[in-house]
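Enquirer: sequence first, predicted coordinates after that:
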Amino acid sequence: MTYEVESKLMKAEEAIKKYVDDGSHIAMAGFAITRNSMALAHEIIRQRKRNLKVSMSIGDMALDIMVGSGAVNEVNYGGGSLDRLGPLVCVNKAIVEKKIKANEHSNFSMLMRFLGGALGLTFVPVKSMLYSDMVNDLMRKGEATEIKCPFTNEVYVALKTLNPDVALIHAQAADTDGNIYIYGPKFDIKEIVYASRKVIVSVEEIIPKERALRDLIFIPSYRVDAVVLAPFGAYPTNLYGYYYHDEEHIRSYAGLQCREDAVQKYVEEYITSVNTFEEFLKKTISSDKLLKLITLARRLM
Amino acid sequence: MKYSKEELMVVTGAREIKDYDKVLVGIGLPMACAILAKLTHAPHSVIFFENGVVDPKSTDYGVGLADLKAWSGASYYTGTLEVMGYMLHGGKFDVGFVGVLEVDMYGNVNSTIVEVNGKPRHFTGSGGGNDIVSLARKIIVITRHEKRKIKEKVFYVTSPGYIGGRDRREVGLRGGDIVVITDMAVLKFNKNKGRMDVVSIHPGIKIEEVINNTGFPLEISSDVPTTPEPTEHELKVLREKVPATLYSKSL
């Protein structure tokens, strides 16, 4: 018996090869230290993709490592951090040293650029960012302008909408039909998925469709181009219901302060010297510790 | 009853929240304010995080908005569009809290970049901060009272205050009043002066201390009100029911 999901089930290596090129515009939906598309980000770094443009509402650890590894030359984002475990050191440093082009937004402005792209609009009006230095900068770059409502004359920021080449999402589960399930808070996942031309979803597990509730489907299979089975694919960040974040690993990453040699060493040790994300997991975390992270996440549901 | 300056700040922030208010917060002292309000005078207020977590009821909020500990006991999980769009952009948030690197005499907020020893240093950026300041009905800024934090002019405007000293609604912002709560005083916008002004000074703090620790000239009259002290009930609930990790080390 074959399942529908099999037609788009692929290894991370194949999915990134097929859908991400040098210069691609990528969208991600991680948030600080939760739900990072870490397995897919590692694969992008392993394949040494270059000149990527990344758009995301809140920057996360996956973005920071991609910037630190030199894969990215432009970022559209709404700020970000590793929560209190640290700042996005590589992103912050690259912005100050002008190594990447960074377009700063608010969280909601980024979401609206995705939503507009999903709806096929060429611009969206928002009240956010009026009179801020962010909008002054975006206006200089031709990404935004001020407009007036044609009916009331009220002032708005008009933002260019976004249609990234490919969305990278990490989800809890796919079913055997290829539908995607997102448990916990949904962030901007739906807007990103519908704004992007291609959609790669890595998942913790594949569940029989008979076991899944149809009304809990968050992304229908027809919107998904590739499903990658990647257990612990958000590690060391957390995933609701599945595992807590590895505070020790994230703190030690933040502690590198994005010093050039230290980041290179991190990338080599954890990403480029292994062939797959599973190898990284085996090398990095003991099953005892993993069990602790899983148990804690279950308890917090 | 004795209390710490952090406890006074939490109680002062909590009193800005009314019953049935919808409140947008982050982890830290603002979350302590929101929880305390809910457990005292505002039992029907609802707490939101910008990532779609609604009404969490945890005993340990961990390291931030992305920590699973902070989501524990939530009554509803939704997405950013619903919280920041339908609710915030739609004008349905009564109170929003923001953290700052700097705030200036016009209420402009910087959470993006500051100069440290003459060199730019980039921090978190806006996140939902700009959205909250631009769009919530009441904005509460919590900060330490220091010259380098409360300035004449911020280095970078992440979120706008009172543009040209004018009413924010006149210039197209939906955001309402900005209240700055520090460890020394409470500041609000003074329409006559066209800038932020002290509305009350915390018990035990001298007028000169506030003036000396503010980065722009303040005129404070000798009959300035004293910030009301926490009640025994507020302190009891705060100490027994609100996780101390949220506020004890936030200054």
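Expert: Great, that's in hand.

Enquirer: give me the local confidence score for the closest residue in space to B:S4 that isn't next to it in sequence.
Expert: In this structure, B:S4 finds its nearest non-sequential neighbour in B:S248, 7.9 Å apart by CB to CB, 6 or more residues apart in numbering or on different chains. Where C-beta positions appear, they are placed from N, C-alpha and C, glycine not excepted. pLDDT, B:S248: 88.

Enquirer: same question, B:R168
Expert: Looking at B:R168, the pLDDT reads 89.

Enquirer: so it touches B:Y162, yeah?
Expert: Yes: B:R168 is within contact range of B:Y162, at 6.1 Å (criterion: CB atoms under 8 Å).

Enquirer: so what touches the one helix or strand A:K93 maps to?
Expert: Taking DSSP states H and E as the definition, A:K93 sits inside helix A:89-96. Contact with helix A:89-96 is made by A:59, A:63-65, A:67-68, A:72, A:75, A:77, A:80, A:99-100, A:102, A:254, A:256-258, A:263, B:113, B:119-123, as judged by CB atoms under 8 Å, 6 or more residues apart in numbering or on different chains.

Enquirer: buried among the residues you listed? Make that a PyMOL selection.
Expert: In PyMOL, a selection of the buried entries from these looks like this (16 or more other CB atoms under 10 Å in any protein chain shown):
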select buried, (chain A and resi 59+63+64+65+67+68+72+75+77+80+100+102+254+256+258+263) or (chain B and resi 113+122+123)
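
Enquirer: now, the contacts of helix A:89-96 that are in strands?
Expert: Secondary structure assignment (DSSP state E) places A:V72, A:V75, A:Y77, A:A102, B:I113, B:K119, B:P120, B:R121, B:H122 from those within strands.

Enquirer: check contacts around A:S7.
Expert: A:G178.

Enquirer: separation between it and B:L81?
Expert: Spatial separation of A:S7 from B:L81 under the definition CB to CB, to the nearest Å is 31 Å.

Enquirer: buried set for the helix holding A:K93?
Expert: A:V89, A:C90, A:V91, A:N92, A:K93, A:A94, A:I95.

Enquirer: just want the angle from that helix to strand A:72-77.
Expert: Relative orientation of helix A:89-96 versus strand A:72-77 (axes from the mean of the first three to the mean of the last three CA atoms, to 10 degrees): 100 degrees.

Enquirer: C-alpha coordinates for helix A:89-96, PDB please?
Expert: Extracted in PDB, the C-alpha atoms of helix A:89-96 (Å, rounded to 0.1, in the frame of the first residue of the first chain):
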ATOM      1  CA  VAL A  89      24.700  37.900  18.100                       C
ATOM      2  CA  CYS A  90      25.600  37.100  14.500                       C
ATOM      3  CA  VAL A  91      22.600  39.100  13.100                       C
ATOM      4  CA  ASN A  92      23.300  42.100  15.400                       C
ATOM      5  CA  LYS A  93      27.000  42.000  14.500                       C
ATOM      6  CA  ALA A  94      26.400  41.700  10.800                       C
ATOM      7  CA  ILE A  95      24.000  44.600  10.900                       C
ATOM      8  CA  VAL A  96      26.500  46.900  12.700                       C
END
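
Enquirer: how distant is that helix from the center of its chain?
Expert: From the chain centre to the centre of helix A:89-96 is a distance of 18 Å (CA atoms, centre = their mean, to the nearest Å).

Enquirer: tell me which helix or strand comes right after the helix or strand containing B:E208.
Expert: Using DSSP H and E, B:E208 sits in helix B:207-212. Next along the chain after helix B:207-212, taking DSSP H and E as the criterion, comes helix B:232-241.

Enquirer: mind giving me the packing neighbours of that following helix?
Expert: helix B:5-14, helix B:29-39 (3 or more CB pairs under 8 Å, 6 or more residues apart in numbering or on different chains; DSSP states H and E).

Enquirer: all helices of the stretch 1-150 of chain A, in order?
Expert: A:12-19, A:38-46, A:61-68, A:89-96, A:107-119, A:133-140 (DSSP state H, counting those that start in this stretch).

Enquirer: what does the stretch 201-301 of chain A give?
Expert: Using DSSP H, counting those that start in this stretch, helices in the stretch 201-301 of chain A cover A:247-255, A:260-267, A:277-284, A:287-299.

Enquirer: show me what from the stretch 1-150 of chain A comes close to chain B.
Expert: A:31-34, A:57-59, A:77-81, A:83-85, A:87, A:91-93, A:95-96, A:104-109, A:111-112, A:115, A:126-134 (CB under 8 Å from any CB of the partner chain).

Enquirer: put the buried members of those into a PyMOL selection.
Expert: Buried subset of these, written as a PyMOL selection, criterion 16+ other CB under 10 Å:
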select buried, chain A and resi 31+32+33+34+57+58+59+77+78+79+80+81+83+84+85+87+91+92+93+95+104+105+106+107+108+109+111+112+115+126+127+128+129+130+131+132+133+134
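
Enquirer: show me where pLDDT drops low in the stretch 101-250 of chain B?
Expert: The model of the stretch 101-250 of chain B has pLDDT under 70 over residues B:250.

Enquirer: so which bits of it are right by chain A?
Expert: Counting by CB under 8 Å from any CB, the stretch 101-250 of chain B sits next to chain A at B:111-113, B:119-131, B:134-135, B:156-160, B:163, B:171-174.

Enquirer: so the nearest residue to A:K209 once chain neighbours are set aside bridges to which residues?
Expert: Nearest non-adjacent residue to A:K209, counting by CB to CB, 6+ apart: A:D175, 4.4 Å away. Per DSSP bridges, the residues bridged to A:D175 are A:I207.

Enquirer: test my guess that A:D175 contacts A:E205.
Expert: No: A:D175 is beyond contact range of A:E205, at 9.9 Å (criterion: CB under 8 Å).

Enquirer: neighbour count: the two, which is higher?
Expert: More crowded of A:D175 and A:E205, by other CB atoms under 10 Å in any protein chain shown: A:D175, with 25 against 14.
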